[in-house]
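Student: here you go, sequence then predicted model.
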Amino acid sequence: MKRLVFSIGLLAGWALKGLIEPESTEQKPGIEAQLAKYKAELQLKESELKRCHERIETLEAQLDAATSAAFSTRSSVAVDASSEVGDDEAEAPVEAPAKPDDLKQIEGIGPKIASMLQQHGITTFAQLAATDASRLQQILDEAGSRYSLADPETWPEQARLAAAGDQEGLKKLTDELKGGKRQ
(Lines give C-alpha, C1' and ligand atoms only; values in the text may rest on other atoms or scores of the structure.)
Protein backbone atom coordinates (compact mmCIF):
# COMPACT_ATOMS: atom_id res chain seq x y z
CA MET A 1 0.00 0.00 0.00
CA LYS A 2 2.84 2.30 0.85
CA ARG A 3 4.44 1.51 -2.49
CA LEU A 4 1.23 2.32 -4.29
CA VAL A 5 0.90 5.68 -2.57
CA PHE A 6 4.56 6.37 -3.23
CA SER A 7 4.18 5.41 -6.88
CA ILE A 8 1.07 7.58 -7.30
CA GLY A 9 2.89 10.49 -5.64
CA LEU A 10 5.86 10.01 -7.89
CA LEU A 11 3.62 9.81 -10.93
CA ALA A 12 1.67 12.90 -9.87
CA GLY A 13 4.91 14.80 -9.27
CA TRP A 14 6.21 13.84 -12.67
CA ALA A 15 2.92 14.95 -14.31
CA LEU A 16 2.94 18.28 -12.47
CA LYS A 17 6.54 18.86 -13.38
CA GLY A 18 5.68 18.34 -17.00
CA LEU A 19 2.84 20.82 -16.73
CA ILE A 20 4.80 23.48 -14.88
CA GLU A 21 8.12 23.27 -16.71
CA PRO A 22 6.72 23.98 -20.18
CA GLU A 23 5.10 27.15 -18.87
CA SER A 24 8.39 28.24 -17.32
CA THR A 25 10.25 27.73 -20.56
CA GLU A 26 7.49 29.53 -22.46
CA GLN A 27 7.46 32.42 -19.97
CA LYS A 28 11.23 32.79 -19.92
CA PRO A 29 11.50 34.10 -23.50
CA GLY A 30 8.60 36.51 -22.77
CA ILE A 31 10.32 37.84 -19.66
CA GLU A 32 13.62 38.14 -21.49
CA ALA A 33 11.88 40.05 -24.29
CA GLN A 34 10.34 42.46 -21.76
CA LEU A 35 13.69 42.89 -20.06
CA ALA A 36 15.36 43.65 -23.40
CA LYS A 37 12.57 46.17 -24.16
CA TYR A 38 13.08 47.90 -20.78
CA LYS A 39 16.84 48.01 -21.29
CA ALA A 40 16.36 49.63 -24.71
CA GLU A 41 13.98 52.20 -23.19
CA LEU A 42 16.46 52.90 -20.39
CA GLN A 43 19.26 53.49 -22.91
CA LEU A 44 17.00 55.85 -24.86
CA LYS A 45 16.13 57.81 -21.71
CA GLU A 46 19.80 57.96 -20.70
CA SER A 47 20.75 59.40 -24.08
CA GLU A 48 17.91 61.95 -23.82
CA LEU A 49 19.12 62.91 -20.36
CA LYS A 50 22.67 63.32 -21.65
CA ARG A 51 21.42 65.60 -24.45
CA CYS A 52 19.46 67.63 -21.88
CA HIS A 53 22.56 68.06 -19.71
CA GLU A 54 24.57 69.17 -22.75
CA ARG A 55 21.84 71.66 -23.67
CA ILE A 56 21.78 73.02 -20.12
CA GLU A 57 25.57 73.50 -20.19
CA THR A 58 25.30 75.32 -23.52
CA LEU A 59 22.52 77.59 -22.22
CA GLU A 60 24.45 78.34 -19.02
CA ALA A 61 27.48 79.34 -21.07
CA GLN A 62 25.32 81.59 -23.26
CA LEU A 63 23.74 83.14 -20.15
CA ASP A 64 27.16 83.82 -18.64
CA ALA A 65 28.33 85.45 -21.87
CA ALA A 66 25.17 87.56 -22.15
CA THR A 67 25.40 88.66 -18.51
CA SER A 68 29.04 89.62 -18.97
CA ALA A 69 28.25 91.57 -22.12
CA ALA A 70 25.30 93.35 -20.48
CA PHE A 71 27.35 94.22 -17.40
CA SER A 72 30.23 95.49 -19.51
CA THR A 73 27.87 97.65 -21.58
CA ARG A 74 26.14 99.03 -18.48
CA SER A 75 29.47 99.85 -16.82
CA SER A 76 30.85 101.58 -19.89
CA VAL A 77 27.64 103.61 -20.27
CA ALA A 78 27.96 104.74 -16.64
CA VAL A 79 31.61 105.71 -17.20
CA ASP A 80 30.75 107.52 -20.47
CA ALA A 81 27.94 109.41 -18.75
CA SER A 82 30.20 110.52 -15.90
CA SER A 83 32.94 111.65 -18.30
CA GLU A 84 30.42 113.73 -20.29
CA VAL A 85 29.50 115.55 -17.09
CA GLY A 86 33.19 116.38 -16.66
CA ASP A 87 33.99 114.01 -13.81
CA ASP A 88 37.73 113.50 -14.08
CA GLU A 89 37.60 110.71 -11.49
CA ALA A 90 35.44 108.38 -13.61
CA GLU A 91 36.53 104.79 -13.17
CA ALA A 92 37.08 102.16 -15.85
CA PRO A 93 34.34 99.55 -16.33
CA VAL A 94 34.15 97.27 -13.33
CA GLU A 95 34.21 93.48 -13.71
CA ALA A 96 31.23 91.48 -12.44
CA PRO A 97 31.69 90.91 -8.71
CA ALA A 98 31.61 87.54 -7.04
CA LYS A 99 29.09 88.93 -4.56
CA PRO A 100 27.33 92.27 -4.15
CA ASP A 101 28.39 94.86 -1.57
CA ASP A 102 26.08 96.00 1.24
CA LEU A 103 24.95 99.30 -0.24
CA LYS A 104 23.11 100.13 3.00
CA GLN A 105 26.51 101.15 4.41
CA ILE A 106 26.13 104.32 2.36
CA GLU A 107 24.48 107.11 4.34
CA GLY A 108 21.03 107.74 2.84
CA ILE A 109 20.56 104.23 1.37
CA GLY A 110 18.19 101.92 3.20
CA PRO A 111 16.99 98.41 2.34
CA LYS A 112 14.39 99.53 -0.22
CA ILE A 113 16.72 101.86 -2.09
CA ALA A 114 19.51 99.24 -2.01
CA SER A 115 17.10 96.71 -3.54
CA MET A 116 16.03 99.23 -6.18
CA LEU A 117 19.65 99.96 -7.11
CA GLN A 118 20.35 96.23 -7.40
CA GLN A 119 17.39 95.91 -9.78
CA HIS A 120 19.08 98.55 -11.93
CA GLY A 121 22.35 96.60 -11.94
CA ILE A 122 24.13 98.62 -9.27
CA THR A 123 25.29 95.98 -6.79
CA THR A 124 28.76 97.12 -5.70
CA PHE A 125 30.40 100.21 -4.30
CA ALA A 126 32.49 100.51 -7.46
CA GLN A 127 29.38 100.50 -9.65
CA LEU A 128 27.69 103.05 -7.40
CA ALA A 129 30.82 105.23 -7.50
CA ALA A 130 30.81 105.09 -11.31
CA THR A 131 27.15 106.12 -11.51
CA ASP A 132 26.42 109.81 -11.86
CA ALA A 133 24.21 111.37 -9.16
CA SER A 134 21.75 112.55 -11.85
CA ARG A 135 21.26 108.91 -12.96
CA LEU A 136 20.70 107.89 -9.35
CA GLN A 137 18.13 110.68 -8.98
CA GLN A 138 16.41 109.45 -12.16
CA ILE A 139 16.15 105.95 -10.66
CA LEU A 140 14.61 107.42 -7.49
CA ASP A 141 12.19 109.57 -9.50
CA GLU A 142 11.05 106.56 -11.53
CA ALA A 143 10.34 104.71 -8.28
CA GLY A 144 7.80 107.31 -7.15
CA SER A 145 7.26 110.17 -4.75
CA ARG A 146 7.97 108.13 -1.61
CA TYR A 147 11.68 108.47 -2.50
CA SER A 148 11.55 112.25 -3.03
CA LEU A 149 13.39 112.94 0.24
CA ALA A 150 16.36 110.77 -0.73
CA ASP A 151 19.32 112.76 -2.04
CA PRO A 152 21.90 110.70 -3.99
CA GLU A 153 24.34 113.60 -4.44
CA THR A 154 26.96 112.17 -2.03
CA TRP A 155 26.39 108.47 -2.75
CA PRO A 156 29.07 108.15 -5.48
CA GLU A 157 31.61 109.93 -3.24
CA GLN A 158 30.81 107.65 -0.29
CA ALA A 159 30.90 104.61 -2.57
CA ARG A 160 34.38 105.56 -3.88
CA LEU A 161 35.67 105.58 -0.30
CA ALA A 162 33.95 102.28 0.49
CA ALA A 163 35.23 100.65 -2.72
CA ALA A 164 38.77 101.76 -1.87
CA GLY A 165 38.41 100.27 1.60
CA ASP A 166 38.88 103.69 3.23
CA GLN A 167 36.61 103.05 6.23
CA GLU A 168 38.12 105.95 8.16
CA GLY A 169 37.44 108.43 5.34
CA LEU A 170 33.94 107.01 4.87
CA LYS A 171 33.20 107.35 8.60
CA LYS A 172 34.46 110.95 8.60
CA LEU A 173 32.27 111.81 5.60
CA THR A 174 29.13 110.06 6.91
CA ASP A 175 29.51 111.88 10.25
CA GLU A 176 29.08 115.12 8.27
CA LEU A 177 25.93 113.83 6.55
CA LYS A 178 22.34 113.44 7.63
CA GLY A 179 20.21 111.19 5.39
CA GLY A 180 23.00 111.34 2.81
CA LYS A 181 22.90 115.15 2.67
CA ARG A 182 25.64 117.54 3.73
CA GLN A 183 24.65 119.66 6.69
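Tutor: All right, it came through fine.

Student: tell me which stretches of the protein form strands.
Tutor: Using DSSP state E, the strands of the chain run over 177-178, 181-182.

Student: please work out which of the ones you listed is packed deepest.
Tutor: Per-residue neighbour counts averaged over each of those give the maximum for strand 177-178, namely a mean of 14 (mean count of other CB atoms under 10 Å). For every residue, glycine as well, the C-beta is placed using N, CA and C.

Student: ok, and what's touching it?
Tutor: Glu107, Gly108, Thr154, Gln158, Gln183 (CB atoms under 8 Å, 6 or more residues apart in numbering).

Student: again, only using 7 Å
Tutor: Applying CB atoms under 7 Å, 6 or more residues apart in numbering, the external contacts of strand 177-178 come out as Glu107, Thr154.

Student: now do stretch 145-163
Tutor: In this structure, residues lying in contact with stretch 145-163 by CB under 7 Å, 6+ apart are 105-109, 113, 125-126, 128-129, 131, 133, 136-137, 140, 169-170, 173-174, 177, 179-182.

Student: can you tell me which of those residues are buried?
Tutor: Neighbour-count burial (16 or more other CB atoms under 10 Å) is assigned, among the contacts of stretch 145-163, to 106-109, 113, 125-126, 128-129, 131, 133, 136-137, 140, 170, 173-174, 177, 180.

Student: circling back: can you tell me which of the strands of the chain has the worst average pLDDT?
Tutor: Set side by side, those differ in mean pLDDT, and strand 181-182 is lowest with a mean of 74.

Student: what pairs with that one, parallel or antiparallel?
Tutor: strand 177-178 (antiparallel) (DSSP bridges).

Student: picking that back up, make CSV out of the strands of the chain and add distance to Glu46.
Tutor: Shown next, in CSV, are these (distance: least, CB to CB, whole Å):
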stretch, distance to Glu46
strand 177-178, 62
strand 181-182, 64
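
Student: hmm, back to that, so of the buried ones among the contacts of stretch 145-163, which ones are in helices?
Tutor: Restricting those to those inside helices, with DSSP state H as the criterion, leaves Ile113, Phe125, Ala126, Leu128, Ala129, Ala133, Leu136, Gln137, Leu140, Leu170, Leu173, Thr174.

Student: turn these into a markdown table, including distance to Ser47 and pLDDT.
Tutor: Rendered in a markdown table, the data for these read as follows (distance: CB to CB, whole Å; pLDDT from 0 to 100):
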| residue | distance to Ser47 | pLDDT |
| --- | --- | --- |
| Ile113 | 51 | 93 |
| Phe125 | 48 | 90 |
| Ala126 | 46 | 91 |
| Leu128 | 49 | 93 |
| Ala129 | 51 | 92 |
| Ala133 | 57 | 91 |
| Leu136 | 52 | 93 |
| Gln137 | 56 | 93 |
| Leu140 | 53 | 92 |
| Leu170 | 57 | 87 |
| Leu173 | 61 | 86 |
| Thr174 | 60 | 85 |
